[in-house]
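[1] pasting the structure only:
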């Protein structure tokens, strides 16, 4: 048995999938995903120093995320520890965030003071409208 759908139905499904696929929910807001053509601009994201950090408890964690862009910089850069957003209001305290935009590059720095074992995990830099980058952090006593 073969079922045929009208081209109008398939076009509607394709458009809805494209709308869903091109958006991301961040911090309770829906943002458009990075552009894919030269005309709209291109983005690249990386965390300076590679994909893993090993620290002693009591030391400071410093991460730098660099976003390169051919057109407009990201409107915001968020940091996550595992699935929790990091900001000045985080219950952990001792968190400093800094963003610097210059030319075709945006840098975001995250500083976490006096790290402890519970600070181990995955840290992700999430620029709005650009790809994400992550680093694994391991804190030893």
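    Everything's here; your move. The model shown is predicted, which means the values in this text are computed figures rather than measured ones.

[2] Name all residues that make contact with the most centrally placed residue in the chain.
    Geometric centre of the chain, nearest residue: residue 126, 1.3 Å, by C-alpha atoms, centre = their mean. Residue 126 sits next to 26, 77-80, 132 when contact means C-beta atoms under 8 Å, 6 or more residues apart in numbering. Where C-beta positions appear, they are placed from N, C-alpha and C, glycine not excepted.

[3] any chance of these in TSV, with distance to residue 117 too?
    Shown next, in TSV, are these (distance: C-beta to C-beta, whole Å):
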residue	distance to residue 117
26	28
77	27
78	24
79	19
80	19
132	25
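
[4] Tell me which of these has the lowest pLDDT.
    Least confident of the contacts of residue 126 in the model: residue 26, at 49.

[5] hang on, the earlier thing: top of the contacts of residue 126 by neighbour count?
    Greatest neighbour count in the contacts of residue 126, by other C-beta atoms under 10 Å, goes to residue 77: 23 neighbours.

[6] Contacts only, for the closest residue to residue 58 other than its chain neighbours.
    For residue 58, ignoring the flanking residues on the chain, the nearest one in space by C-beta to C-beta, 6 or more residues apart in numbering is residue 114 at 5.7 Å. Residue 114 makes contacts with 58-60, 94, as judged by C-beta under 8 Å, 6+ apart.
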